[in-house]
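J.: Next comes the sequence, and after it the predicted model I'd like to discuss.
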Amino acid sequence: MIAINENIERLRDTIRRHDKKYYVENNPEITDYEYDQLIKELQQLEKAHPHLITPDSPTQRVGGEPLTQFSAINHRIPMLSIDNTYSDAELKEFDQRIKRMTGIDVHRDVEYVVELKIDGVAITLWYEKGLFVWGATRGDGFTGDDVTANLRTIRQIPLKLESVDRSQKIPSVVEIRGEIYLPNREFQRLNEAREESGEPQFANPRNAAAGTLKLLDPRITAKRRLRIFRYAIGHVEDSELSTHLQCLELIRGFGLPVNPHTRVCENIEAVIQYCNDWEKKRRDLDYLVDGMVIKVNSLALHEQLGATSKAPRWVISYKYQPERAVTVIEEIVTQVGKTGTITPVANLSPVLLAGTMVSRATLHNFEEISRKDIRVGDHVVVQKAGEIIPQVVSVVKEKRDGTERTFQEPVMCPECNGSVQQDGVYRRCHNPFCPAQAKRRIIYFASRHAMDIEGFGPALVEQLVDKGLVKDYADIYHLKHQELTDLERMGEKSSSNVIRAIEESKQRGLDRLICALGIPNVGTHTAEVLAGHFDTLDALAHATHGALEGIYEIGPVVAKSIVEFFQDKHTQGILEKLKAAGVNIRRQTIPSSEKNPKISGKSFIITGTLQKHSRKEAEMLIKQQGGRIVSQVSKKTNYLVVGEDPGSKLDKARELDVAILDEETFEKMIR
Ligand code: IVH
């Protein structure tokens, strides 16, 4: 019995360690699939020994049944708001007010802690004896919603506090406050999936995070990958703290993420400088920052300053102006997506917004056009929703002169004249042979995160489909060199390159192939999850609803999409063609004994000529040891391997700060 108990505890510790690696250190050691296997193993052990289940077990994150409503929680210490400032002068006034109220000489400095103001949802977490007991939203500041079940699904929220270096005592009671947010990448992923499944999109990551926290079914919350930064202690027992920085250190000591860009500033001038520094830099982050929060460091001064009914006097925010601009809608065009969704898009007179020229904005759907009464020729206010997707906020109606035209919603598919049906707020073309849909699907199939066929871009696809040479993505594999050279802008050399790239893509791997198929609701990540569970494409194609839903990250909507996709006769024909063309439909497993930790999970590009290996050999070695080959240098690329006569990729890698390896270092790595 003891042995089982120990086994279970050891497994839980392993899982918690991986949670930390993934969400706190941002440096996962194992794949999501391997993680799921550990959870499954633990679930099975706990099922066999239910009396050994503890509330802090990682299996308890995703609770049972959906709630019918949230219960209310009274905040012991109110969750107040923060007063806003918008200028350097107002920050100086804040500093002077603090000195005036606490009797500090005007010539002396007050020390501040400056933090990024994360644009998410405020939350408070209550721990007793180190165990997570409940968590709640801010609500009206005095009473919030008990969203414990949803918070438990967030892997960045430990169910049990542990001291990182074991030196720190866990307080008997501690309440930690912070901001829940959805990373921009996740927001985009979520909105893409919602668009595909015909659900309304979220306007920005904050709304998405708030909506996700308020879901009554924690199983859906679990799939959305919310994150958290902590920034304050609400209530704490038996702990002596005298500065705000010490509060943050205490939080960090429990291994809980505090934003790394937090800075102590010795006076208000340094605060102003730091706020100005972040005005632009914040746009490089993968989460939204709408300002900075400036906090007096000394907790004794907090006591002295107190609070108004609305906000404490020792804290203020410095808000960045949302980036908006006014421009004219030149025309409204429609786009047909790969699943037939018809989306209206506004072509704008180009305007500078958040550092980039914007000439297009999504209008989301036709309902939105009528709701906002948007007409062609209108002056409109545009903004980057969460500074990601340019959006039309409102119409400047005073500027209308009567020449503006209302937009007629399409009654037929604008590309193939096929019939259009309303599907939720969306309109869809239902013609399975619609060439516009086919083009989008083929472009997606060949794109970088799918089959990565270099040179197979939109211009080429356009010509191939229009000429009838390619009707679906399986036809790509029957293209002949001569057929390509006959096309516009395709010489001998580029045709050979494309043919070679097509050939190479046959071995891209099962995850890439699943992604490339364009199954509604299945993007890169879900494709990886599926490839981890099924050995071949056929096994996935025959999977039942139940089997799919049994996979940790797959829900009913995705399961339904997959089943419907593979049941379609038209799709089945295309898949047969892919197989006949020799596209690899099996998972290539790399035994973990052969994985090289320096290479595994890392992305590589090779440029120039290597002495010891041909390019192909080097790429094979990387792949064999668990690494990936990518075709273009991006910020996400881990290494550029440089041989003789390197190309422009070297400049690009230097520009983006990608690690550069010479052949010798690379050789040492792969050995
Ligand atoms: S401190 C009384 N620190 O901003 C002070 N708040 O506009 C408690 N926020 O409700 C909050 N980043 O949701 C603090 N680093 C940060 C923050 C932060 C974002 C949010 C928080 C608060 C809102 C006020």
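T.: Yep, it's here.
J.: partner residues bridging the closest residue to the ligand within the stretch 101-250 of the chain?
T.: The nearest approach of the stretch 101-250 of the chain to the ligand comes at A122, 3.1 Å away (CB to the nearest ligand atom). C-beta coordinates here come from the backbone N, C-alpha and C atoms, glycine included. On the basis of DSSP bridges, A122 is bridged to E179.
J.: can you count the residues close to it?
T.: Residues near A122, counting by other CB atoms under 10 Å, number 19.
J.: switch to numbering from 11
T.: Sure thing, new numbering starts at 11, so read that last one as A132.
J.: Quick check: T337 touching V392?
T.: Yes: T337 lies in contact with V392 (CB atoms under 8 Å); the separation is 6.0 Å.
J.: Any idea what D156 is bridged to?
T.: A146.
J.: then stretch 507-523 to CSV, C-alphas only?
T.: Extracted in CSV, the C-alpha atoms of stretch 507-523 (Å, rounded to 0.1, in the frame of the first residue of the first chain):
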residue,chain,number,x,y,z
ASN,A,507,12.8,24.0,-57.0
VAL,A,508,9.1,23.8,-56.6
ILE,A,509,9.0,20.1,-57.8
ARG,A,510,11.8,19.3,-55.4
ALA,A,511,9.9,21.1,-52.5
ILE,A,512,6.8,19.1,-53.4
GLU,A,513,8.7,15.9,-53.3
GLU,A,514,10.3,16.7,-49.9
SER,A,515,7.0,17.6,-48.4
LYS,A,516,5.9,14.0,-48.7
GLN,A,517,7.9,13.2,-45.6
ARG,A,518,6.8,16.2,-43.5
GLY,A,519,5.3,14.0,-40.8
LEU,A,520,1.8,13.1,-39.6
ASP,A,521,1.2,16.2,-37.4
ARG,A,522,2.0,18.6,-40.3
LEU,A,523,-0.2,16.5,-42.7
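J.: correct me, but G653 touches L620?
T.: Yes: counting by CB under 8 Å, G653 does reach L620; the two are 4.1 Å apart.
J.: what touches both of those two?
T.: Contact with both G653 and L620 is made by residues E673, according to CB atoms under 8 Å, 6 or more residues apart in numbering.
J.: ok, back up a step: overlap in contacts of T337 and V392?
T.: Contacts common to T337 and V392, judged by CB under 8 Å, 6+ apart, are 358, 361, 368.
J.: Wait, a helix at the first one?
T.: No: remark: L358 does not belong to a helix; assigned using DSSP: H, G, I helix; E, B strand; the rest coil, it is strand.
J.: who does the closest residue to it other than its chain neighbours bridge with?
T.: Of all residues not flanking L358 in the chain, T337 sits nearest, at 4.8 Å (CB to CB, 6 or more residues apart in numbering). Beta-bridge partners of T337, counted by DSSP bridges, are V390.
J.: who touches T337 in this structure?
T.: Residues near T337 by CB under 8 Å, 6+ apart: 358-361, 368, 389-390, 392.
J.: Can you lay out those as JSON lines showing distance to the ligand, pLDDT and neighbour count?
T.: Formatted as JSON lines, these follow (distance: CB to the nearest ligand atom, whole Å; pLDDT from 0 to 100; neighbours: other CB atoms under 10 Å):
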{"residue": "L358", "distance to the ligand": "31", "pLDDT": "95", "neighbour count": "22"}
{"residue": "S359", "distance to the ligand": "35", "pLDDT": "93", "neighbour count": "12"}
{"residue": "P360", "distance to the ligand": "33", "pLDDT": "87", "neighbour count": "12"}
{"residue": "V361", "distance to the ligand": "29", "pLDDT": "86", "neighbour count": "17"}
{"residue": "V368", "distance to the ligand": "27", "pLDDT": "84", "neighbour count": "20"}
{"residue": "H389", "distance to the ligand": "31", "pLDDT": "97", "neighbour count": "17"}
{"residue": "V390", "distance to the ligand": "28", "pLDDT": "96", "neighbour count": "22"}
{"residue": "V392", "distance to the ligand": "25", "pLDDT": "93", "neighbour count": "23"}
